[in-house]
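K.L.:
Next input, structure requested:
(chains A and B)
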Amino acid sequence: MADKEKKESLLEQLGESQVWKSIIRSGVPRNRRQRMYAVLGNVFLHLHPARLPRHAVKIGYTWCMGGLSFFLFVVLTITGILLMFYYRPTVEYAYTDIIDLTEQVPLGIMRELHRWGAHAMVLTVWLHMLRVFMTGSYKPPREFNWGVGVLLMTITLFLSFTGYLLPWDQLAIWAVTVGTNMARAHPFIGHEGPGASLLAIGDINLVHMGSDVRFALLGGRFVGEATLLRFYVLHCIAVPFIAMIFMAVHFWRIRKDGGISGPL
Amino acid sequence: MSYIKNLFDFLSTPTISFTLLTVSFPFIFPPSDWFDKKNKQWGIYKLWTNKGAFCIFSFITFFFVLGYFDPYFNLTMTKPDNIPIILMIYSMIFVVWLGMKQAYINDERLERGEKPEEWTDPDDKVLVWPDLVYIELIALIIFMVGLIVWSILIGAPLEEPANPASTPNPSKAPWYFLGLQEMLVYFDPWIAGIIFPIFIIVGMMAIPYMDINKKGNGYYSFKERRLGYFIFMYGWFVLWVFLIVVGTFFRGPNWNFFGPFEWWDPHKVVPLTNVNLSEYVWVKLLNKGLPASIFAREAVGFVIVIGYLFVMPLLLAKTKLKSLFEHYGPIRYSTLMLFGLAMFALPIKMYLRWLFNLKYIIAIPEWFFNI
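P.N.:
Here you go, the predicted structure:
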C-alpha cells in the first residue's frame, strides 16, 4: 500500500516537473478536467472530441473499421518507407531487389506486412463502408463525407493496384496489363474506345496507340520500364499525397458534421 | 464425397449460383410487404440469430475444408493472394450478420415505441481519455498481432521474373478488380472497364442524394429503409463481392468456368455461339442480309437501349412511379433511374447471354461501340 502511494507520488512528481509539463501540457490526467485537456492539448488525440456519446465507444456499433483503415495506412507508410531503402524501380534491379530482400534480410517480414497490410486495408475500407451504410450514417448532414469516403476507397484500390506492379514478376506485369488494358477502351481518349476515331484531322487519327490515355498511364505502348517508374512514383508519392488530402477532409468533416453518427 | 463435390461444382455454375442468389436475395432482405411476409413465414429472419450464424459459418467452413483437401481447389484457395478473398467472405458475412442482428433488435424496439439501442442520454457522455483511446490501443495491438502472424505464416508471393513474351493463362487482375474482369464476359471493355467503374463510383457518391428517407440515421435498422437496403445489398454482394469470388475461384484458363473441384483444363472447349441482336432481327427473323447502313442495321438495338434507359423512366414517371416522381422531382428522379437502370443492366445482360446467347444489343465494331 505504501509502495503504491510512493509510486503515485513519483508519477505525480514527474507530472509536476518542468520537462513533463512542457511536453504534455496538462500534467498527469487524474480528474475529469485534466483528462479532457489530455485530448485537447495533444495534436494527434485532438482528432477526437474530448467527450463522446456512450454508443460511440461500442465495438458493435463502429466495428473499429474506420480507425483501423487509418492505422493500416500508417503501417503501410512506415513499412513502405523501409522497403524504399532496398528497392530500385528499374527493370534491371526491381526483381532482384525483391529477391535480395527475402534472402538477405534476416527474419524480414516487411514485404509481407506491406502486402498483407494492403490487402487488409482494402477489406477494412470495404467493411467500414458497409458499417456506414448499415447504420445509415451517410444521411444528412453527412452526405458529403460519404462522397469523400467513396473517393478514398477508390484511392485505396488505386494505391494497391499501383503497388502490385513493383515486384516486377509475372503476377505483377500481367495483372497490371489486364487492368490497364481497360484504358484502351476509354470513350474518346482510348484508341480502341468508342468515338476515338472521331478525333481526327483528315486521315490522321489524334488518338492512337501512342497517344491515348493508356499510353499516358503506362508511359509506353506496353507495360515496361517507364511504367515501372510511373507506378513507383504514383504509388510512393502521388497517390498517398492525394489520399492524405482526402483523409484530412474526411476526418475534419466527421467533427464538423457533428461527430460520430447516432440516433437523435 | 464426390457426389457432394459434383453438387458444389454444379451449384457454382454462374447461371445456377447467380440465379439462386438473385432469387433468394429479396427474401433475405425483403424490400416489400409481400417478401416480408414470406420472410417471416419461412423463418428466413432466423439467419440473423446466433443459430443462423452457426449454420452459415459451418456451411462456409465445410466448403473450405472440403476444398483444402481437394487436390484442385487446394491450388486455387491456398494461393497467397487469394487468402484475402477467404477473409473477405468470412468478414463480410460476419459484419452483415452482426449489423442485421442489431437492426432486428432495433426494429422491434422502434415498433414498441422505444428508442434504438444506440440511443443514450446526450448529457451522459464518456471521456475519450481513457474510454476511447484504450479501446483504440487494444484494437490496433490485436490487429497488428494478427497482421504479423499472417506475415510470418504466409510469404508474399513472388513468381518468375516478368516476361512480356509469355502470357499466363488465365491472366488475372488483382483480386479486388476481378468483379470488373468478370463483367468483361458480358460487356465490352469500354463498359465493363470504364463506364461501369465510373458509374459505381459516382453512383455510390450519389446514394445520400437519391435515398432521401430520413429514417434510420445513426443506428442499425432495416424495416424503416428496406428498399434502399435491398438495392445496396444486392449491388454490393451479388454484383460485386459474388463476381469477385467467381472471378477468383471459378475462372480458369481462357476465362472458362470451372467448378471449385474441377481440374483447370487448358483445352476445355466451350462453344462460342453468341449472336448479335442485329443478326437475330435481320437474318433469323426477317431472312435478309444485314443492311449496309450501320444505323439501319442496329436500329432495333438503339430503340431498346434508348427505350430502357430514357423512355421507360419517362413513362414510369407518368404512370406507376408517379408518386415517386412527384416526391423526388425531375433531377433526383432521373439520377436514381439512370444509376438504378445501369446497375440492373448487368444482370439483364447476363440473362440475355445465358438464355438467348445474345452477344451485343448494339454491335458497331467499326466504332468500338458495342453494348
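K.L.:
In which helix or strand does the residue nearest to residue A:119 when sequence neighbours are not counted reside?
P.N.:
Leaving out its chain neighbours, the residue that sits closest to residue A:119 by CB to CB, 6 or more residues apart in numbering or on different chains is residue B:84, at 3.9 Å. Every residue, glycine included, has its C-beta placed from N, CA and C. Element membership of residue B:84, judged by DSSP states H and E, is helix B:83-111.
K.L.:
Which elements pack onto that helix?
P.N.:
Counting contacts by 3 or more CB pairs under 8 Å, 6 or more residues apart in numbering or on different chains; DSSP states H and E, helix B:83-111 packs against helix A:110-134, helix B:50-68, helix B:242-249.
K.L.:
which residues does the closest residue to chain A within the stretch 251-371 of chain B contact?
P.N.:
Using CB to the nearest CB, the closest approach of the stretch 251-371 of chain B to chain A is made by residue B:369 at 4.0 Å. Residue B:369 sits next to A:194-195, B:190, B:362 when contact means CB atoms under 8 Å, 6 or more residues apart in numbering or on different chains.
K.L.:
Equivalent analysis for residue B:213, please.
P.N.:
Shown in contact with residue B:213 (CB under 8 Å, 6+ apart): A:139, B:224-225, B:228.
K.L.:
Apply 10 Å and report the result again.
P.N.:
A:136, A:139, B:224-229 (CB atoms under 10 Å, 6 or more residues apart in numbering or on different chains).
K.L.:
what kind of secondary structure is it in?
P.N.:
coil (DSSP: H, G, I helix; E, B strand; the rest coil).
K.L.:
Tell me the confidence at residue A:1?
P.N.:
If you check residue A:1, the pLDDT there is 47.
K.L.:
in the helix holding residue B:84, what counts as buried?
P.N.:
B:83-86, B:88-89, B:91-93, B:95-104, B:106-107, B:109-110 (16 or more other CB atoms under 10 Å in any protein chain shown).
K.L.:
Quick one: low-confidence residue ranges for chain A.
P.N.:
A:1-8 (pLDDT under 70).
K.L.:
OK, now which residue of it is nearest to chain B?
P.N.:
Closest point on chain A to chain B, by CB to the nearest CB, is residue A:182, at 2.9 Å.
K.L.:
can you pull the contacts of that residue?
P.N.:
Per CB under 10 Å, 6+ apart, neighbours of residue A:182: A:190, A:193, A:214, B:173, B:177, B:180-181, B:184, B:189-190, B:192-194, B:197.
K.L.:
gap between the nearest residue to residue B:276 once chain neighbours are set aside and residue A:111?
P.N.:
Using CB to CB, 6+ apart and skipping residues adjacent in sequence, the residue nearest residue B:276 is residue B:363, 4.2 Å away. According to CB to CB, to the nearest Å, residue B:363 and residue A:111 sit 46 Å apart.
K.L.:
likewise residue B:307?
P.N.:
Taking CB to CB, one finds residue B:307 at 53 Å from residue A:111.
K.L.:
Also residue A:197?
P.N.:
For residue A:197, the distance to residue A:111 - CB to CB - is 44 Å.
K.L.:
Dump the helices and strands packed on helix B:83-111 into JSON lines; add mean neighbour count and distance to residue B:342 as well.
P.N.:
Below are those laid out as JSON lines (neighbours: other CB atoms under 10 Å in any protein chain shown; distance: least, CB to CB, whole Å):
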{"stretch": "helix A:110-134", "mean neighbour count": "22", "distance to residue B:342": "19"}
{"stretch": "helix B:50-68", "mean neighbour count": "13", "distance to residue B:342": "31"}
{"stretch": "helix B:242-249", "mean neighbour count": "21", "distance to residue B:342": "16"}
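K.L.:
What's the local residue count around the closest residue to chain A within the stretch 101-250 of chain B?
P.N.:
As assessed by CB to the nearest CB, chain A sits closest to residue B:193 within the stretch 101-250 of chain B, at 2.9 Å. The number of residues packed near residue B:193 is 28, by other CB atoms under 10 Å in any protein chain shown.
K.L.:
Same check on the one 5 residues further on?
P.N.:
One way to gauge burial is a neighbour count; for residue B:198, by other CB under 10 Å, it gives 11.
K.L.:
show me the contacts for it.
P.N.:
Counted by CB under 10 Å, 6+ apart, residue B:198 has contacts residue A:186.
K.L.:
pretty sure residue B:275 is in contact with residue B:282, am I right?
P.N.:
No: counting by CB atoms under 10 Å, residue B:275 sits too far from residue B:282 to count as a contact (11.2 Å).
K.L.:
out of these two, which sits in the more crowded spot?
P.N.:
Using other CB under 10 Å as the criterion, residue B:275 and residue B:282 rank with residue B:282 on top: 19 against 15.
K.L.:
pretty sure the more buried one contacts residue B:290?
P.N.:
Yes: applying CB under 10 Å, one finds residue B:282 in contact with residue B:290, separated by 5.2 Å.
K.L.:
shared neighbours of these two, anything?
P.N.:
B:276, B:296-297.
K.L.:
Just the ones of those in helices?
P.N.:
Counting by DSSP state H, the part of the shared contacts of residue B:282 and residue B:290 found in helices is B:296-297.
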